[in-house]
Structures are given as structure tokens and as C-alpha cells.
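Participant: Provide a 3D model corresponding to the input given below.
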Amino acid sequence: HSVECLLEILCQLRNCIDISSHLDILTKDNFLWHSLAKGLSHVDGLTRKRANYLLKRFIDSPINCKEESSFMKSLVPFLDSKHYQQTIKIWNDFFIVIETLEEKQVHLVKQVFNRINQLLSKVPENIENLCSTKPLNIVWILVIYKLLFQHQNQAIVRWSLHNFLINFSGAFLTDDNFVS
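Facilitator: Next comes the predicted model:
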């Protein structure tokens, strides 16, 4: 219940105060980002919605924050301020995929299959090689695949498994990356 409780508390705090200035506590050792990843792929729909809401707000926080950029860089380490507009387009695609995967109908979910492959192309083979052209950590792609593997429609699950086996190399799949 820890992820569910944390996300509920953060949602409540997010509505009351600007928690961007207090995120340094939660971002230590990437705790916040791992919690959001677990929340996005959680079996409970409300937990997924809370994680989605919070991640969107944190992605937006560099725009809304008046703090110095090095402070925001430490809070949201995967956003490159020099290429913010390009990176935000990638994150918007990520959110479209996540939200579409909530649908049960195949014809709706199939429309984002191409975006999943596009997002995968934005992941470097090595986490140390994150850059403006490949700014997406593999953890976020694995969240998408976990949702696909849990989908109610078996045709989507089959496509996901096929796509996963074709596109993933062993370099992507380490114990540190996979979302439990």
C-alpha cells in the first residue's frame, strides 16, 4: 500500500501547496520517479491516474517554477532545459500512450502502437548516454509494456509480447530497470 498512500498524499499536497520546492527530499535516489513509475503501472486505476497526474505536474514544474535552473535540474533530472520543447513533445506522446492504454477496445489502443515504437527510439542503449536526441529512460517504456501485458484484451497482449521480443535487447533489461 505504500505507493498508493504516497501518491494519495502527494496529490492532496499538490492541490494545497507548491510541492515543487520541497521535492528534493523525494527525489533523493530517484525515489519519487520510481514511485511514479510503479504507480503508472499499478493494477488499481485510481493509483495509475494519480501517478499520471503527478508526473504531468512535475514535468510542467520547470516552466512554472521560479527557482534557479540547477535546482530544477536536480529535481527533474531527465529534462534538458536546452531542449525542453523537444523533450516535452516526447513526454506528451508518453502521456497519450499511457492514457490510451486505459481503453479496452482494440481499435483505440492500436492507434498508439506506432507511438510506442517512436518512444522506444528515444531511449539510449545505455543509461549514461541520455542526451537531447535520446532523452527517455527505459523505465518509462517498461511501464508502457507492463500496462500492455496486463491489458484486458488478449490481442493487445499478444501484439505487445511480439513487439517486446523483437525490439528489446538484453542491454535494456537489467534488474535495476524493470518495474516490479
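Participant: for this structure, what's the longest helix?
Facilitator: If you go by DSSP state H, the chain has its longest helix at helix 45-64.
Participant: any idea how far A37 is from L55?
Facilitator: Applying Cβ to Cβ, to the nearest Å, the value for L55 to A37 is 9 Å. Where C-beta positions appear, they are placed from N, C-alpha and C, glycine not excepted.
Participant: mind checking which helix or strand W140 is in?
Facilitator: Assigned by DSSP states H and E, W140 belongs to helix 138-149.
Participant: so where's this structure uncertain?
Facilitator: 1, 15-28, 61-81, 126-134, 169-180 (pLDDT under 70).
Participant: That one: helices as residue ranges?
Facilitator: Listed in chain order, the helices of the chain (DSSP H) span 2-16, 24-27, 31-40, 45-64, 69-75, 84-100, 106-109, 113-120, 138-149, 154-167.
Participant: could these go into CSV alongside mean neighbour count?
Facilitator: Shown next, in CSV, are these (neighbours: other Cβ atoms under 10 Å):
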stretch, mean neighbour count
helix 2-16, 15
helix 24-27, 14
helix 31-40, 21
helix 45-64, 18
helix 69-75, 15
helix 84-100, 16
helix 106-109, 14
helix 113-120, 16
helix 138-149, 21
helix 154-167, 14
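Participant: Packing partners of the longest helix of the chain?
Facilitator: Counting contacts by 3 or more Cβ pairs under 8 Å, 6 or more residues apart in numbering; DSSP states H and E, helix 45-64 packs against helix 2-16, helix 31-40, helix 69-75, helix 84-100.
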